[in-house]
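>>> Sequence first, then the predicted structure, then my questions.
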Amino acid sequence: MFKIVCVTDRKSCREDFFARLDNIVAAKPDRIILREKELTETDYAAFAERSINICREYDIPCSIHTYPDIAEKLNAGDIHLPITVLRSFSDNITDRFRTVGVSVHSAEEAAEAENLGANYVTAGHIFETGCKKGLPPRGLNFLENVCKNVDIPVYAIGGINPENVSHIRNTGTAGACIMNGFMTCNDPVQFIRSLRESL
């Protein structure tokens, strides 16, 4: 089953973030990844605690981004790491978490993440996106190459919307990670419906 994942970005949210998150998880995405790079670790911990409690109310998996210690303190079970952070662990991080996701930007990084114990990778950016202004997208051939290079699920990220989501499905991806669409759409329920109807 092709999965739809919401990646958070408080800065682009046009309403109270936690109200928006409640509406998103009520729409039943397959996962939330709490990616908030501008927050300090202390601020992220408070943000994550409130967010993960909202996700638990709807039984939606929630991945803590970057900070394994925060994830363990909150009993999150799921972590999402940049490949550079995954490399820094001398211990086997998969012993500490139920699900380990990793952000990668090449087929080689995807294979490395798999060898280091990742359960899935996110690969991008695939299409042009305001989050990566001035950087050319890596495109569908890149995505297909990543998918062929690993045996774990690959999730596409970057500029994905109902108009282009069907293109990424044909590359062998397990799903799509979407940030801006979830943060700015008028109705998360309709947004997810439009994505799934477009597949």
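Perfect, thanks for sending it. Residues are numbered from 1 along each chain as shown.

>>> all contacts plus neighbour counts: C-alpha atoms, from now on.
Fine.

>>> list the contacts for the closest residue to Val189 other than its chain neighbours?
Nearest non-adjacent residue to Val189, counting by CA to CA, 6 or more residues apart in numbering: Ala27, 4.7 Å away. Applying CA atoms under 8 Å, 6 or more residues apart in numbering, we find Ala27 in contact with 188-189, 192.

>>> show me where the chain has helices.
Under the criterion DSSP state H, the chain contains helices at 17-26, 41-57, 68-73, 83-87, 107-115, 139-149, 165-169, 180-184, 188-197.

>>> So for the nearest residue to Leu74 once chain neighbours are set aside, what's the pLDDT?
Nearest residue to Leu74, sequence neighbours excluded (CA to CA, 6+ apart): Glu49, at 6.7 Å. Looking at Glu49, its pLDDT stands at 98.

>>> just to revisit the earlier point, wait, which of the contacts of Ala27 is closest to Thr42?
Pro188 (29.1 Å; CA to CA).

>>> Distance check, that closest one against His105.
28 Å (CA to CA, to the nearest Å).

>>> Then Arg50?
In this view, Arg50 and His105 are 30 Å apart by CA to CA.

>>> re the thing from before, save the contacts of Ala27 as CSV, and put in distance to Cys55 too.
Shown next, in CSV, are the contacts of Ala27 (distance: CA to CA, whole Å):
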residue, distance to Cys55
Pro188, 15
Val189, 15
Ile192, 17
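
>>> Relative to Cys147, which of those is nearest.
Ile192 (23.7 Å).

>>> thought Thr129 was touching Gly158?
Yes: the criterion here is CA atoms under 8 Å, and Thr129 meets it with Gly158 at 6.0 Å.

>>> wait, what's in contact with the residue lying closest to Tyr44 once chain neighbours are set aside?
Using CA to CA, 6+ apart and skipping the chain neighbours, the partner closest in space to Tyr44 is Glu36 (7.3 Å). Contact analysis of Glu36 by CA under 8 Å, 6+ apart lists 8-10, 44, 65.

>>> In strands, which of the residues you listed fall?
Secondary structure assignment by DSSP state E places His65 of those in strands.

>>> just to revisit the earlier point, which stretch among the helices of the chain comes nearest Asp95?
So among these, helix 68-73 is nearest, using CA to CA, at 11.7 Å.

>>> name the helices or strands packed onto that closest one?
Applying 3 or more CA pairs under 8 Å, 6 or more residues apart in numbering; DSSP states H and E, one finds that helix 68-73 contacts strand 78-82.

>>> from the chain's centre, how far out does the strand it packs on sit?
9 Å (CA atoms, centre = their mean, to the nearest Å).

>>> what's the angle between that strand and helix 107-115?
Inter-element angle recorded for strand 78-82 and helix 107-115: 150 degrees (by axes from the mean of the first three to the mean of the last three CA atoms, to 10 degrees).

>>> mean confidence score for strand 78-82?
In the prediction, strand 78-82 has an average pLDDT of 97.
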